[in-house]
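Student: After the sequence you'll find the predicted model.
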Amino acid sequence: MKSILLGRRIATRADGKPVGNFVLESLLKSSLVHAEHHQPLRGTRPHTQPGIEIHLTVTGRGVMHVGGRAHVQQPRSGLVLRGSEAHRLETALRPGFHRDVVCFVPEDFRTEAKGLNLLKFDWLPKGGGFPFWLNERDFVRADGLVRSLKFESVVQPHGWRGVVLGALLQLLGLVARSGVQAGGEASGARASRGAMIDQACAEVRANLAEDLSLKRIGDLLGVSEEHLTRTFRRQLGTTFHRYVLAERVNAARDLLRSGKGGSVTEAAFTAGFQSSAHFSRVFKEHTGVTPSEWRDAQM
């Protein structure tokens, strides 16, 4: 049985009872965290593992079963769970399901994180997991943090342990806060603004290779460029232009990692950049490394 969880082989039982994820256990011995960014999944068998798992749905729909409870998963929703609880994921075949996931053992941070309440996990229920939902702004931040955790834990450049701890604490802060707020009622105006930005972001992600402008998106949504600019900054804390660049870098990075994007130049044009020089400059600003260095680090 090929594990969709890590893309490797793990043991299974004929009686359907949960098994230990020994591949993950081995990976955690060589690194503080194991992170996967935009990982494609078709579901997992019931299993257990060491430590804590943070699961965040990027695309698609599914149901996460944890400790007898079922949590519906959709874009920007997620779950924090204890690995000792048997869990499995069911996903719909279409559209394709992708997730961000971070696994770690809190005790491995006992020296660096002494006294930090977030890593004590007294806020995490004993059974069933901790569901959360991220607004678009926090999702963009969380997605970037998972990407950073993957890079730092795999490449392990100088000072990587400190960077990993910082990114993990930021991610946990977003998750803990969003879990508390997930059941709150938003005002009609605030919900409307959020829906508009969600639609704008979806349009950007679906058309990265095309000419994306404020006017085009504004016309699509029936709002002025000025209104879209103000709402974008208020909701996401960034400009429309910077958001488009970040999504194009994300797309190019995925192409380089998968090997499906061909050369660096081909990945740049596929992601919507007009020149390889501009692409290289923006890519390094976002990731700290050149596109070629990123691609080589994934091999």
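Tutor: Now that the structure is in, tell me what you want to look at. Small disclaimer: the values here were computed from a predicted structure and weren't measured. Numbering: from 1, shown residues only.
Student: pLDDT weak spots in the stretch 51-200 of the chain?
Tutor: For the stretch 51-200 of the chain, applying pLDDT under 70 flags the ranges 93-95, 113-115, 179-195.
Student: Let me see the ranges of the helices in it.
Tutor: For the stretch 51-200 of the chain, the helices defined by DSSP state H, counting those that start in this stretch cover 136-155, 160-181, 188-206.
Student: would you list those helices in CSV and tack on mean neighbour count?
Tutor: (Glycine included, C-beta is placed from N, CA and C.) CSV is the format used below for the helices of the stretch 51-200 of the chain (neighbours: other CB atoms under 10 Å):
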stretch, mean neighbour count
helix 136-155, 21
helix 160-181, 18
helix 188-206, 15
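Student: and of these, who's closest to Leu79?
Tutor: Counting by CB to CB, Leu79 lies closest to helix 160-181 out of the helices of the stretch 51-200 of the chain; the figure is 9.3 Å.
Student: Would you mind getting the angle between that closest one and helix 136-155?
Tutor: On the basis of axes from the mean of the first three to the mean of the last three CA atoms, to 10 degrees, helix 160-181 is oriented at 150 degrees to helix 136-155.
Student: I'd like the helices of the stretch 51-200 of the chain as JSON lines, with distance to Leu41 appended.
Tutor: JSON lines is the format used below for the helices of the stretch 51-200 of the chain (distance: least, CB to CB, whole Å):
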{"stretch": "helix 136-155", "distance to Leu41": "15"}
{"stretch": "helix 160-181", "distance to Leu41": "20"}
{"stretch": "helix 188-206", "distance to Leu41": "19"}
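Student: Which of those sits closest to Gly78?
Tutor: helix 160-181 (7.0 Å).
Student: how about the closest one as PDB, C-alpha atoms only?
Tutor: What follows is helix 160-181, C-alpha atoms only, in PDB (Å, rounded to 0.1, in the frame of the first residue of the first chain):
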ATOM      1  CA  TRP A 160      17.800  27.000  10.600                       C
ATOM      2  CA  ARG A 161      16.700  25.900  14.100                       C
ATOM      3  CA  GLY A 162      15.900  29.400  15.200                       C
ATOM      4  CA  VAL A 163      14.000  30.200  11.900                       C
ATOM      5  CA  VAL A 164      12.000  26.900  12.300                       C
ATOM      6  CA  LEU A 165      11.000  27.800  15.900                       C
ATOM      7  CA  GLY A 166      10.000  31.300  14.900                       C
ATOM      8  CA  ALA A 167       7.900  30.200  11.900                       C
ATOM      9  CA  LEU A 168       6.300  27.400  13.900                       C
ATOM     10  CA  LEU A 169       5.300  29.800  16.700                       C
ATOM     11  CA  GLN A 170       3.800  32.300  14.200                       C
ATOM     12  CA  LEU A 171       1.800  29.500  12.600                       C
ATOM     13  CA  LEU A 172       0.500  28.200  15.900                       C
ATOM     14  CA  GLY A 173      -0.500  31.800  16.800                       C
ATOM     15  CA  LEU A 174      -2.500  32.200  13.700                       C
ATOM     16  CA  VAL A 175      -4.100  28.800  14.200                       C
ATOM     17  CA  ALA A 176      -5.000  29.200  17.800                       C
ATOM     18  CA  ARG A 177      -6.500  32.600  17.200                       C
ATOM     19  CA  SER A 178      -8.500  31.500  14.100                       C
ATOM     20  CA  GLY A 179      -9.900  28.500  16.000                       C
ATOM     21  CA  VAL A 180     -11.300  30.800  18.600                       C
ATOM     22  CA  GLN A 181     -12.700  33.200  16.100                       C
END
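Student: Contacts for that helix next, please.
Tutor: 32-33, 54, 78, 80, 102, 104, 109, 112-113, 116, 118-119, 123, 130-135, 138, 141-142, 145-146, 148-149, 152-153 (CB atoms under 8 Å, 6 or more residues apart in numbering).
Student: per the record, what domains does the protein have?
Tutor: With domains defined by automatic domain parsing, the chain comprises 19-181, 188-298.
Student: so which of these is the most packed in?
Tutor: Highest mean neighbour count among the domains of the chain (mean count of other CB atoms under 10 Å): domain 19-181, with a mean of 18.
Student: Give me the distance from that one to the chain's centre.
Tutor: 9 Å (CA atoms, centre = their mean, to the nearest Å).
Student: surely Phe279 meets Ser292?
Tutor: No - taking contacts as CB atoms under 8 Å, Phe279 lies outside contact range of Ser292: 11.3 Å.
Student: Quick check: neighbours shared by those two?
Tutor: Joint contacts of Phe279 and Ser292 (CB under 8 Å, 6+ apart) are Val264.
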